[in-house]
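J.: structure here, sequence nowhere to be found:
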């Protein structure tokens, strides 16, 4: 359905929901529009074009998109609205019918965004949810200016088909970007100001190019002059290869942090989720990782209230949390997504039961995160300065273990500053610079 003709936009605003891959995609869309001569606007209500880069993992994330569209229509200057990302891929023409937006573009087609915006400005239909065989990355502009910590997508899609997950349907099958293209983009990121690069993928440790695995890619990035830190996320337990574990021991630039979702501590629930690993196997894998890098910080994902989860099975999840001692973790109530097998399973858990279990799980996770942070007090570590703090005279950066650290002083963005940790809160640390090093 074509909308009325619009004046070509002169300003734009990108709002990204969900995961780091969406942040990366949002940045690339912003670069695309800037290449067309549009100016970025900090305020979405003042922009001529608003791009909502969406997430479809959870129901609330989807509804939030429609709420944002309504607010933009009510309080903005009637901007052109483009819905991008996974909601666009999953719902396509339904978004245009329900919300009367101007552009709908899926996550594998956003390199066509400038052409779609031009069509919408002429009152023509502008929808593209194709998943072309050719890579979109070759059509994206070269990275020119980036923050000290930058994201780099190396792998997209997933072949695991967990029964609760829409990623295989919205992002497609597993695809790995070529080795040389990734290294070239990493070098461009460093040239544009990055000191730290986080490699991204729906299943990043499944990355492969002609027999080379993620550890080979990390080793290549380790040789880039000016790059100080390397991270990667999100991983699957079944793809933690021996070489990747060894990389945590052998490559100094690879930070001592691993995000490795388990989802549940119950083997029966894991089987129902089609996770293809057991709780015991997961714990043994973490033992191997810790043997390679004893100071590694561990992070995970959890879903409570999966269909059929009993109180005893939830207790197994709490026991796994106690056994691991996570430095960080993300936990969610199960959310049925249309088209996934779990959405039609019997024994859907009552919302009040999920609420109560989530509160207990988060109490345990928060306890362990607070303990991990408290153990940092008195230690000195390098902090990569990324942005201003909330108060004048403050800078904010990250420790090697991905903790937010508040530091007093006018340290340059991108500086690596030795900091002695003086206090720990539940979500951040405070420290004093031991000395200042040049950026």
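T.: Structure received. All values reported here derive from a predicted model rather than from experimental measurement.

J.: what ranges do the helices span in this protein?
T.: Using DSSP state H, the helices of the chain run over 20-35, 59-75, 86-91, 93-99, 113-121, 167-170, 179-191, 214-222, 242-250, 267-272, 279-292, 311-324, 351-374.

J.: not counting sequence-adjacent ones, nearest residue to residue 355?
T.: residue 333 (7.1 Å; Cβ to Cβ, 6 or more residues apart in numbering). Heads up, the C-betas are built off the backbone N, CA and C, glycines and all.

J.: distance of that neighbour from residue 187?
T.: 42 Å (Cβ to Cβ, to the nearest Å).

J.: count the residues that sit near residue 370.
T.: The tally of other residues near residue 370 (other Cβ atoms under 10 Å) stands at 14.

J.: wait, isn't it in contact with residue 428?
T.: No - counting by Cβ atoms under 8 Å, residue 370 does not reach residue 428; the two are 11.3 Å apart.

J.: and residue 43, what does it touch?
T.: residue 13 (Cβ atoms under 8 Å, 6 or more residues apart in numbering).

J.: same question for residue 424.
T.: Residues counted as contacts of residue 424 (Cβ under 8 Å, 6+ apart) are 370, 373, 374, 376, 377, 430.

J.: next one: the last one from residue 411, what distance?
T.: This points to residue 430. For residue 430 relative to residue 411 (Cβ to Cβ), the value is 14 Å.

J.: circling back to that earlier point, quick one: which of the helices of the chain is nearest residue 129?
T.: Comparison of the helices of the chain against residue 129 by Cβ to Cβ identifies helix 86-91 as nearest, at 5.3 Å.

J.: how about the closest one: buried residues?
T.: Residues of helix 86-91 classed as buried by neighbour count (16 or more other Cβ atoms under 10 Å): 86, 87, 88, 89, 90, 91.

J.: ok, now stretch 63-79?
T.: 64, 65, 66, 68, 69, 72, 76, 79.

J.: give me the nearest residue to the fourth one, chain neighbours excluded.
T.: Yep, that's residue 68 we're talking about. residue 52 (6.0 Å).

J.: wait, residue 258 sits on residue 300?
T.: No - contact criterion Cβ under 8 Å: residue 258 and residue 300 do not qualify, at 9.2 Å.

J.: more crowded one of the two?
T.: Neighbour tally, residue 258 and residue 300, criterion other Cβ under 10 Å: the higher count belongs to residue 258, 26 against 22.

J.: now do the contacts for that one.
T.: Residue 258 sits in contact with 235, 248, 289, 296, 297, 298, 299, where contact means Cβ under 8 Å, 6+ apart.

J.: repeat that for 7 Å
T.: 289, 296, 298, 299 (Cβ atoms under 7 Å, 6 or more residues apart in numbering).

J.: name the nearest of these relative to residue 201.
T.: Among these, residue 299 lies closest to residue 201 (Cβ to Cβ), at 15.8 Å.

J.: distance of the closest residue to residue 11 other than its chain neighbours from residue 334?
T.: Nearest non-adjacent residue to residue 11, counting by Cβ to Cβ, 6+ apart: residue 41, 4.4 Å away. To residue 334, residue 41 is 37 Å away according to Cβ to Cβ.

J.: more crowded one of these two?
T.: For the pair residue 41 and residue 334, the greater number of neighbours falls to residue 334 (22 against 19), based on other Cβ under 10 Å.

J.: distance of the more buried one relative to residue 243?
T.: 34 Å.

J.: between the contacts of residue 258, which sits nearest residue 192?
T.: If you rank the contacts of residue 258 by distance to residue 192 using Cβ to Cβ, residue 299 comes first, at 27.5 Å.

J.: how much space between that closest one and residue 331?
T.: Taking Cβ to Cβ as the measure, residue 299 and residue 331 are separated by 11 Å.

J.: and residue 258, by the same measure?
T.: From residue 258 over to residue 331 (counting by Cβ to Cβ), the distance is 17 Å.

J.: next one: residue 153
T.: In terms of Cβ to Cβ, residue 153 sits 25 Å off from residue 331.

J.: likewise for residue 402?
T.: Taking Cβ to Cβ, one finds residue 402 at 17 Å from residue 331.

J.: same check, this time on residue 98
T.: Using Cβ to Cβ, residue 98 is found at 31 Å from residue 331.

J.: higher neighbour count, the two?
T.: Neighbours were counted for residue 98 and for residue 331 using other Cβ under 10 Å; residue 331 has more, 20 against 11.

J.: count the residues that sit near residue 223.
T.: Neighbours of residue 223 using other Cβ under 10 Å come to 9.

J.: how near is the residue nearest to residue 35 when sequence neighbours are not counted to residue 175?
T.: Distance criterion Cβ to Cβ, 6+ apart; nearest residue to residue 35, sequence neighbours excluded, is residue 141 at 4.9 Å. Going from residue 141 to residue 175 by Cβ to Cβ gives 21 Å.

J.: and the residue nearest to the spatial centre of the chain, what does it touch?
T.: The geometric centre of the chain, computed from its C-alpha atoms, lies nearest to residue 20 (Cα atoms, centre = their mean), at 2.2 Å. Contact analysis of residue 20 by Cβ under 7 Å, 6+ apart lists 151, 198, 200, 233.

J.: what do you get for residue 105?
T.: Residues near residue 105 by Cβ under 7 Å, 6+ apart: 82, 84, 88, 112, 113, 116, 128.

J.: which pair of these spans the longest distance?
T.: 88 and 112 (12.1 Å).

J.: which residues of the stretch 1-150 of the chain score low on pLDDT?
T.: 1-6, 57-61, 133-134 (pLDDT under 70).

J.: can you rerun that using 90?
T.: For the stretch 1-150 of the chain, the stretches flagged by pLDDT under 90 are 1-7, 17-25, 54-67, 70, 73-78, 85-100, 106-111, 123-126, 128-145.

J.: format the helices of the chain as CSV; extra columns: distance to residue 340.
T.: Shown next, in CSV, are those (distance: least, Cβ to Cβ, whole Å):
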stretch, distance to residue 340
helix 20-35, 19
helix 59-75, 12
helix 86-91, 11
helix 93-99, 17
helix 113-121, 28
helix 167-170, 8
helix 179-191, 30
helix 214-222, 27
helix 242-250, 29
helix 267-272, 12
helix 279-292, 22
helix 311-324, 20
helix 351-374, 17
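
J.: out of those, nearest to residue 387?
T.: helix 20-35 (14.4 Å).
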